[in-house]
Every structure is written in structure tokens, then in C-alpha cells.
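A.B. asks: pasting the structure only:
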């Protein structure tokens, strides 16, 4: 059974999710405050954290910042309906995905499965196997991706990537020099269909570009997608 942590001050939501997810073979612990949730997240071995933006003692963003300082555990943020700024801030600060309140239980379950599938590299939709790991390491100039450990170093120094950021960069790196269609990134790296707003991808791309700095360039191919390239000065 997978173990998840919910940080939300609504006990009725916690009980509802515990019963619903339990029927799907997913265990759920819950904390009603940011401080308690952070303590549980640090002490426990959770596969994913569901974190509400609005908490009684602090904001979910503060919890996310402190959590990201010590853990790369996947995080799904719960945001208010229509609060686009909260979604963008959460993604910029290291959340892997978001779900807007109020939400359908099956919607949250789908987001949980999508994030866990990406993070664990399990089977994809339709039973298709995850991307083969015949090439465990990818080197691009000073940038190195370890596909087994799912981490990145630049010049030998570790640079933190969220699981979603890693999946996007991995997909671009495996297609180095070729355009990766935007729809393919949405479906395969983010687990989202074309009906979802693609600003989620835009935010992740912005985060990646900042972390890669001048070492690797992610070019936007208007109307199509993205292309990964080494800047000329790095390629010399």
C-alpha cells in the first residue's frame, strides 16, 4: 500500500479521502496544521504529499519551501478555484502539480497516479512500459542526468529538480537536437491531456531554464514545442 500525507485543516476532507483512497490501495495520514504536517513529512517515508495552500498556522507555500529544503518528495498543491497565482507560485516553488478546490475525488486520484507514475517510472497509460533505462546517464556539456537516481549535476555540483522537471528535461535530452511536441510533453511528462491549461508546462519550463542557466538552452519552437541545445560557447 502506498502511503500519502494530507496537510489540510478540514477533518471531513481527510476522512473522505482516507476512505476513498483506501479503496484504491492507498494509505493516507493527515495533519491539520502546517507545523504538524511538516514534522510528519520529515519523519515519515511518504510517497507523496497533498498540501493545501490555506492553513491555520502558516501558508502552504511556507511549508513547501521548508519541505523542499530537506526532501524531494512529490507534492500536489490544493488551491482555490480560479486562484491562478497560487498555482503558478506553487509550481515555481517546487510543487509537482495542483488540484483546484472543490474537486472530484477521481480527479485527485488521477493526479496522484500521474505524479507517482512519473516519479517511480512505473507503467504508463494503457500498460505501456516506462521509458527504457538502457542509457542510465545523459551528458550535455557540463550537465549530467542520472536516470536511475533521477538527479542532475552541473559541473559536478548537484542541482535540485522536482520529479516533473526531471521528466521534462529527460524527455528533451533523449531527443537532443530534435523538436519535442508540446502535446507529447503534456501527455508523457506531465500526465495531462490537451484539455488542461498548458501554463503548467510554461511554469516548469521557466523553472528549468533558470536552473540550467547558460549551460543548456531550451528553445521554444513556436506552434510546435521545445528543442534542447547546447549554447555555442559550451559546445566549443
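C.D. replies: Looks like it came in fine. Predicted model, so just to flag it, every value in this text is computed and none were measured. Numbering: from 1, shown residues only.

A.B. asks: pLDDT score for the residue nearest the centre of the chain?
C.D. replies: Note on the chain: the residue nearest the mean C-alpha position is residue 96, at 2.4 Å, using Cα atoms, centre = their mean. Model confidence at residue 96, expressed as pLDDT, equals 87.

A.B. asks: can you tell me which residues contact it?
C.D. replies: Counting by Cβ atoms under 8 Å, 6 or more residues apart in numbering, residue 96 touches 74, 75, 76, 115, 118, 119, 162, 163, 164. (Glycine included, C-beta is placed from N, CA and C.)

A.B. asks: For beta bridges, what are the partners of the closest residue to residue 176 other than its chain neighbours?
C.D. replies: Spatially, and ignoring its direct neighbours in sequence, residue 176 is nearest to residue 228 (5.4 Å; Cβ to Cβ, 6 or more residues apart in numbering). Beta-bridge pairing of residue 228, defined through DSSP bridges, involves residue 218.

A.B. asks: which ones are touching residue 228?
C.D. replies: For residue 228, the contact set (Cβ under 8 Å, 6+ apart) comprises 140, 169, 172, 173, 175, 176, 177, 180, 216, 217, 218, 219.

A.B. asks: try 6 Å
C.D. replies: 172, 173, 176, 218 (Cβ atoms under 6 Å, 6 or more residues apart in numbering).

A.B. asks: just the buried members of those?
C.D. replies: Buried subset of those (neighbour count, 16 or more other Cβ atoms under 10 Å): 172, 173, 218.

A.B. asks: Quick one: residues contacting the first one.
C.D. replies: Same thing as residue 172. Residue 172 neighbours (Cβ under 6 Å, 6+ apart): 180, 228.
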